[in-house]
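>>> Could you look at this predicted model? Sequence included:
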Amino acid sequence: AKERGRSNYQFFNERLSEAAFHALTVETRLRDAIRREQFVLHYQPQVRVDTGAVTGIEALIRWPQEDGTTVLPNDFIPIAEQRGLIMPIGAWVLRQACRQNRLWQMSGLPKLPMAVNLSAIQFKQKNLVSVVEQVLAETGLEPQYLEFELTESMLLEDMTAIAKTLEGLKALGVQLAIDDFGTGHSSLMHLKRFPIDKLKIDRTFVQDVPGDPDDVAITAAIIDLARNMGITSIAEGVEKPEQLAFLRLRGCEEMQGYLVSEALPAEAMARWLARRRG
Ligand code: C2E
Ligand code: CA
Ligand code: CA
Ligand code: CA
């Protein structure tokens, strides 16, 4: 059997590039993981910059392996998107995030919005709004405790269709955030035209404040833009006290990052929330 495994490998390797072979292996294993629901969600808190009060939680997918290691989303989400596997994964994430949030609420933890990352492919599905409505009904989660994180590139194509989807989601009562703000094709038109609640300032800008004058200018501009439009600003990837001091000075509303907490498994997050409240 060992022999055969090796020759199979050679067979593929002769015909496919390393990268294609890797993607094929991952694809096969992803299909298996989807069938067996072998993914888990980790949770990262979001807090107010001025008081430290917890304002929300972002759900981040992980793929644990049998050898005890964990595959991070950047190493499988793009492959899942290419191979047509993101829909079942995305559906699992949505249901699991809503279910977990509802469980925490019923266990007496403070009610917080749970942010879920949407892939562009999920966002384009025609029945997204009804899928979301159904998951909310099924899990019993009130809509204001669900938030979707979208990227700027998702907002570029068909403005009319996008507006319809976003308005449909807002009509359900869920929150909408723009992730990685400033890294895509930012159009201020989008902010004016679409019902956005939150701007997440990308980590690449946040990481070099207050040292880098360009990043200082960009971060401060996004904070002011959000405030002036009545949108919540949240800084991503805050790791250092100097970054926090800068955000406080500039009036950024919320933050997320290792300075507060990394993303934690469900039980650890529940303990973190309970401790934080007490
Ligand atoms: P993202 O949505 O921008 O998520 C933030 C990433 O930064 C997470 O990585 C998080 O663990 C990491 N992070 C948080 N705080 C800090 C910090 O202080 N410093 C640094 N260096 N990193 C920090 P993660 O979990 O590996 O996720 C990577 C990306 O994968 C996410 O970027 C998101 O685009 C995507 N992703 C994660 N979960 C899902 C999901 O359920 N569905 C989809 N479609 N994409 C997901
Ligand atoms: Ca995100
Ligand atoms: Ca982000
Ligand atoms: Ca990012």
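Cool, the structure landed. Numbering: from 1, shown residues only. Ligands and ions are numbered 1, 2, ... in the order given.
>>> So which residues on this structure come close to ligand 2?
By CB under 5 Å from the ion, the residues of the chain that approach ligand 2 are 117, 149, 179. Glycine gets a C-beta too; all of them are placed from N, C-alpha and C.
>>> got the contact list for the first one?
Remark: with contacts taken as CB atoms under 8 Å, 6 or more residues apart in numbering, residue 117 is in contact with 58-61, 93, 148-149, 179.
>>> Which of these fall in helices?
Among these, the residues falling in helices (DSSP state H) are residue 93.
>>> mind listing which of the contacts of residue 117 are in strands?
58-61, 148-149, 179 (DSSP state E).
>>> which of those residues come close to ligand 3?
Counting by CB under 5 Å from the ion, the members of the ones in strands among the contacts of residue 117 near ligand 3 are residue 179.
>>> Contacting ligand 1 as well, which ones from the ones in strands among the contacts of residue 117?
When contact is defined as CB under 6 Å from any ligand atom, these meet ligand 1 at 60-61, 149, 179.
>>> Please tabulate those residues in a markdown table, including the columns neighbour count.
A markdown table is the format used below for these (neighbours: other CB atoms under 10 Å):
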| residue | neighbour count |
| --- | --- |
| 60 | 20 |
| 61 | 23 |
| 149 | 18 |
| 179 | 22 |
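>>> Identify the spatial nearest neighbour of residue 177, chain neighbours not counted.
Counting by CB to CB, 6 or more residues apart in numbering, residue 198 is the residue found nearest to residue 177 once chain neighbours are left out, at 3.7 Å.
>>> Please read the previous query as pertaining to residue 203.
residue 237 (2.9 Å).
>>> how about the one you found, what does it touch?
202-203, 206-207, 256-258.
>>> Now the residue nearest in space to the middle of the chain: phi and psi?
The centroid of the chain falls nearest to residue 117 when counting by CA atoms, centre = their mean (3.2 Å). With angles defined as degrees, to the nearest 10, residue 117 sits at phi -80, psi 130.
>>> Can we start the residue count at 55 from this point?
With 55 as the first residue, the last one maps to residue 171.
>>> mind checking how far it is from ligand 1?
4 Å (CB to the nearest ligand atom, to the nearest Å).
>>> For that residue, report the pLDDT, please.
Per-residue confidence (pLDDT) for residue 171: 98.
>>> do the same with residue 75
73.
>>> quick one on the thing from earlier: now, among the contacts of residue 291, which is nearest to ligand 2?
Closest approach between the contacts of residue 291 and ligand 2, by CB to the ion: residue 310, at 8.8 Å.
>>> burial count for the residue lying closest to that closest one once chain neighbours are set aside?
Of all residues not flanking residue 310 in the chain, residue 100 sits nearest, at 4.6 Å (CB to CB, 6+ apart). Using other CB atoms under 10 Å, residue 100 is surrounded by 27 other residues.
>>> again, but for the one 4 residues further on
Here the neighbour count serves as a burial measure; for residue 104 (other CB under 10 Å) it reads 12.
>>> Tell me if I am right that it is in a strand.
No: using DSSP: H, G, I helix; E, B strand; the rest coil, the assignment for residue 104 is coil, not a strand.
>>> That one contacts residue 302, doesn't it?
Yes: at 6.5 Å, residue 104 counts as touching residue 302 under the criterion of CB atoms under 8 Å.
>>> circling back to that earlier point, tell me the secondary structure of the residue nearest to residue 310, please.
strand.
>>> from what I can see it touches residue 113, true?
No: between residue 100 and residue 113 there is no contact under CB under 8 Å: 11.6 Å.
>>> okay, and the common contacts of those two?
Between them, residue 100 and residue 113 share these contacting residues under CB under 8 Å, 6+ apart: residue 169.
>>> hang on, the earlier thing: in the ones next to ligand 1 among the ones in strands among the contacts of residue 171, find the pair that's most separated.
115 and 233 (14.2 Å; CB to CB).
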